[in-house]
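**Q** Sharing a model prediction with you, sequence too.
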Amino acid sequence: MYAVVKTGGKQYRVSEGEFFYAEKLEAEVDSKIDLTEVLAIGNDGEITVGDPNIKGASVSCKVLSQGRAKKIIVMKYKPKKHYRKKTGHRQSYTKLLVEKILPSAL
């Protein structure tokens, strides 16, 4: 069974027992969190798609860690004007373990 959830403006395809990195969520490490924006659920070739979300469906996750990704370098450059600007960015993330996918009660 898998689900497509939306968090932090991005969509993730998740299955029970696997982990994924989401945009930073305000939650403590080892706490439980429910993702209620479930867009689709697939089970043995049968797919349920929401409009836009599936009512009553949720994905129960455990917060494994909070962290920051590797630094990326951003360069701005304008030719012939002697303009160069170098900045860096590190994106914050939350590592989540999917414990249970709860489909809506039909």
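**A** Yep, it's here. As the structure is a computational prediction, the values presented were derived from the model and not from experiment. Residues are numbered from 1 along each chain as shown.

**Q** List the beta-bridge partners for Thr7.
**A** Per DSSP bridges, the residues bridged to Thr7 are Lys10.

**Q** Run a quick neighbour tally on it.
**A** Residues contacting Thr7 under the criterion other C-beta atoms under 10 Å number 19. For the C-beta atoms, the positions are set from N, CA and C on the backbone; glycine is no exception.

**Q** cool, Lys95 as well?
**A** Counted with other C-beta under 10 Å, Lys95 comes out at 16.

**Q** Can you point out the helix or strand that includes it?
**A** Assessed by DSSP states H and E, Lys95 sits inside strand 92-102.

**Q** buried residues in stretch 16-28?
**A** Across stretch 16-28, burial judged by 16 or more other C-beta atoms under 10 Å covers Phe20, Ala22, Leu25.

**Q** The last one contacts Thr7, correct?
**A** Think Leu25. Yes: in this structure, Leu25 is within contact of Thr7 by C-beta atoms under 8 Å, at 7.2 Å.

**Q** Any idea which residue is closest to the centre of this structure?
**A** Centroid-nearest residue in the chain, with C-alpha atoms, centre = their mean: Ala22, separated by 3.2 Å.

**Q** Just want the angle from the host helix or strand of that residue to strand 92-102.
**A** Take DSSP H and E as the rule and Ala22 turns out to sit in strand 19-23. Interaxial angle of strand 19-23 relative to strand 92-102 (axes from the mean of the first three to the mean of the last three C-alpha atoms, to 10 degrees): 130 degrees.

**Q** Thanks a lot, catch you later.
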